[in-house]
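Q: When you get a sec, could you give me coordinates for this:
(one chain, ligands or ions: 2)
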Amino acid sequence: MFAEIALAVPGLKPLTYRIPGGERVAKGMRVEVPLGRRILTGVVVDITGHLPREIRNLKSIIKIMDQEPALTEELLVLGKWMAEYYYCSWGEALGAMLPAAYKPVGREMISRTELAKQAVLPRGTARRLMERLSQGALTRRELLRNFGAGAARVLNELHSRGLVNVEIKLPGTRRQPGSENHSVPTDHPPVLNPHQTTARECIWTALDKDKYAAFLLHGVTGSGKTEVYLQAIAHTLEQGRDAIMLVPEIALTTHIRARIAARFGDRAAVLHSGLSLKERAEAWSRIHQGEARVVLGARSAVFAPVKNLGLIVVDEEYESSYKQEDAPRYQARDLAAVRARALGAVLVLGSATPAMESYFNARRERYTLLNLPERVDNKKMPEIRIVDMLREISPRKGPPLFSRQLLDELEKRLATGEQSILFLNRRGYAPLVMCPECRRVITCPDCSVSLVYHRVDDNLRCHLCGRTSPPRPACPQCGAACLRLSGAGTQRVEEELRTYFPSARILRLDQDTIKKRGELEKTLESFGQGRADILVGTQMVAKGMDFPRVTLVGIISADTALHLPDFRAEERTFQIVVQVAGRAGRGGRPGLVLVQTMNVAHPVITLAQSQNYPDFFEREIEQRRLLNYPPYARLASIICRSRNPQAAWNLAQKVSARLKRAAGPQDTILGPAPSPRERVARETRFQILIKSTSHVSRSRVLGALKGLVPPSGSKMALDVDPQNML
Ligand SMILES: [Zn+2]
Ligand SMILES: [Zn+2]
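A: Ligands and ions are numbered 1, 2, ... in the order given. Just a heads-up that it's a prediction; the model follows:
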């Protein structure tokens, strides 16, 4: 018997291996196989009794890792669809579904085999390694620590010669009884308002029909979308089916986690990045065995191995974090639709600011639109005021960080004990460091972006490659001393805030403050319990948080994203203003939002002020139609990169020539042109953009790249439906 094995190697089709006699292998099982000099884990995607053609030197499966298939037929098929749509290999797609399997968790013990005792030992590192192993088994990490990273290759070689044994113990395949905490549901569904009730009834009716249906739940911030999701999930469970709920970032949605746990007890499993690998593998295995039937998680939870999927909810579906930025570059919201359709399940996308693509689908009646136009419990929408920062500029000091109005309102909140959130979408202290003499902006030597000054650890840092350097005493161009800091990041907001309000309790939330595990939850918890007055943060503070004591939200600058060279810049600006504003006034008292901007008359700013999504959509969709961008066009972006600029350019030329030859009248090939981020980590990048009127014509064009292998030293990344044009 022979098995087709999909391996997580780019561009590699499934390969045929011999199944060792007497072994039981089924589709969806994980196996170890040799590939060249390496041993890799792959997934069985097909089994045949005979080969269509003779294959010389056919290798055998080394080890079968599962007793039951890890992936169901349905997920294998979804993986194949991903491979075709996103131009990744089938194995890469399956790898994204099975993170624990491809990067084995738990301890990987390496020991000497019986064979090694008689074999003639090799020389060099291999010999020293074998000698070390003769004293007892070691983990891979211990070996690499002792023998250096190069030992990985030596180890693979010894493994393929049968001299060492690699034992991977995946936790959670067998659980100790009593290890689970039996939590009992403690929460009972509240009474819904009429809009929520209508939305729930529509979803329930669709669930009862037992076939594919898709909804877009457009509910203003604070309108009780989560409760509609929870009741839809409860109905799914009553039908004996399973539900998946995706959220953009699980760590930021502690209140949803708590509500899911309270409502569904141990029928729910949470897949989240704060879990240890072992805990994650355990949660995965509870889902796989059908013990957990409600799955809450971020992007990759769309692949949760539930047996009988009835419902997928995608909360805040516009969020760009649903798109994976490394291969396979999938979009979880879109995959949720594909999976729901294939299984006859119900899809619910929800947001206060739907993605243009989703609202467009609702307009075209591909999705049923459900509206929640009011906040729950008759709470009012926050009042949004625009603050013209041009009027605040002082001739000597330039624009201030805080307008007088914002300072006044902050002061009032401090007096009454209410809380405030200040939002600025830039971390660090100063995003620009300039030379006062030659006006040069100090940039990263390896990337084409400016360095950001971090006062906390007093250094200059590149936010693209992570390079840090101490602040230079002099300008690298003209030698002038005293570089000038310009612009503001969250650290500066925090610092200046302390000078105005020395006794205020201030917390900051951005990527720099949450490096340690658990730090994020701690910050949110302490703010939620009222142990701070003001929370300063980046877009993290915009994501679905629910703090009833917050009555003031200040947007330090609504302009940071407005003029980025990305066709989604205005959409993002609208979304972020409305979402951040939505954090205000969720409790008993009304909320106030101050939006500081230099562009008071910009239509996106005024539409965000009136929180008028439909009008924003009308304006934006017209732009998209005129400029031929999604949802009217299908995009793909290709980045060709290399440390050698000429090599990157040559590759880009070759790629674009192939694409242009294959392009028809429905396709436009733009570029190659320097990518907006022309240099990243010493590599020069050229970008090619494909715009097609349909998926079919785009795939025909992309088909022209089949078999193109970049020369060594150059790389090519293909992104289908790119989320980020930078
Ligand atoms: Zn200078
Ligand atoms: Zn850099």
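Q: Near ligand 1, which residues of the stretch 451-600 of the chain? Just list them.
A: 475, 477, 478, 480 (Cβ under 5 Å from the ion). Yep, even glycine has a C-beta here, placed from its N, CA and C like the rest.
Q: Switch those over to JSON lines; also include pLDDT and neighbour count.
A: Formatted as JSON lines, those follow (pLDDT from 0 to 100; neighbours: other Cβ atoms under 10 Å):
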{"residue": "475", "pLDDT": "78", "neighbour count": "20"}
{"residue": "477", "pLDDT": "79", "neighbour count": "12"}
{"residue": "478", "pLDDT": "84", "neighbour count": "11"}
{"residue": "480", "pLDDT": "79", "neighbour count": "14"}
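Q: In helices, which of those residues fall?
A: Per DSSP state H, helices hold no members of these.
Q: okay if I get those residues as a markdown table plus distance to residue 282?
A: As requested, these are exported to a markdown table (distance: Cβ to Cβ, whole Å):
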| residue | distance to residue 282 |
| --- | --- |
| 475 | 55 |
| 477 | 56 |
| 478 | 59 |
| 480 | 58 |
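Q: what ranges do the strands span in the stretch 151-300 of the chain?
A: 164-168, 213-219, 242-246, 268-271, 294-297 (DSSP state E, counting those that start in this stretch).
Q: Just to check, residue 498 is in contact with residue 504?
A: Yes: counting by Cβ atoms under 8 Å, residue 498 touches residue 504, with 7.5 Å between them.
Q: neighbour-wise, which of the two wins?
A: Neighbours per residue (other Cβ atoms under 10 Å) separate residue 498 from residue 504, with residue 504 holding more: 16 against 13.
Q: And the strands in the stretch 351-500 of the chain?
A: 368-372, 383-388, 419-423, 432-434, 452-454, 459-461, 468-469, 484-486.
Q: which strands and helices sit next to the last one?
A: In other words, strand 484-486. strand 432-434 (3 or more Cβ pairs under 8 Å, 6 or more residues apart in numbering; DSSP states H and E).
Q: cool, the first one as well?
A: Contact here means 3+ Cβ pairs under 8 Å, 6+ apart; on that basis strand 368-372 packs against helix 194-209, strand 213-219.
Q: Would you mind listing the buried residues in it?
A: 368, 369, 370, 372 (16 or more other Cβ atoms under 10 Å).
Q: List the contacts of the residue nearest to residue 269 when sequence neighbours are not counted.
A: Nearest residue to residue 269 in three dimensions, chain neighbours excluded: residue 292, at 3.5 Å (Cβ to Cβ, 6 or more residues apart in numbering). Residue 292 makes contacts with 266, 267, 268, 269, 283, 286, as judged by Cβ atoms under 8 Å, 6 or more residues apart in numbering.
Q: Get me the contact residues on this structure for ligand 2.
A: Counting by Cβ under 5 Å from the ion, the chain sits next to ligand 2 at 444, 446, 447, 462, 464, 465, 467.
Q: Can I get the contacts of residue 292 in TSV including distance to residue 161 and pLDDT?
A: Shown next, in TSV, are these (distance: Cβ to Cβ, whole Å; pLDDT from 0 to 100):
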residue	distance to residue 161	pLDDT
266	47	89
267	48	93
268	47	94
269	41	93
283	37	87
286	39	90
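Q: quick one, longest helix in this structure?
A: The longest helix of the chain (DSSP H) is helix 645-662.
Q: Send over it as CSV, restricted to the C-alpha atoms.
A: Listed next in CSV are the C-alpha coordinates belonging to helix 645-662 (Å, rounded to 0.1, in the frame of the first residue of the first chain):
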residue,chain,number,x,y,z
PRO,A,645,19.0,45.0,-5.0
GLN,A,646,19.8,44.0,-8.6
ALA,A,647,18.8,40.4,-7.9
ALA,A,648,15.5,41.5,-6.4
TRP,A,649,14.8,43.7,-9.4
ASN,A,650,15.7,40.9,-11.9
LEU,A,651,13.3,38.5,-10.2
ALA,A,652,10.6,41.2,-10.2
GLN,A,653,11.1,41.8,-13.9
LYS,A,654,10.8,38.1,-14.6
VAL,A,655,7.7,37.7,-12.6
SER,A,656,6.0,40.7,-14.1
ALA,A,657,6.9,39.6,-17.6
ARG,A,658,5.3,36.3,-17.1
LEU,A,659,2.2,37.8,-15.5
LYS,A,660,1.8,40.4,-18.3
ARG,A,661,2.0,37.7,-20.9
ALA,A,662,-0.8,35.8,-19.2
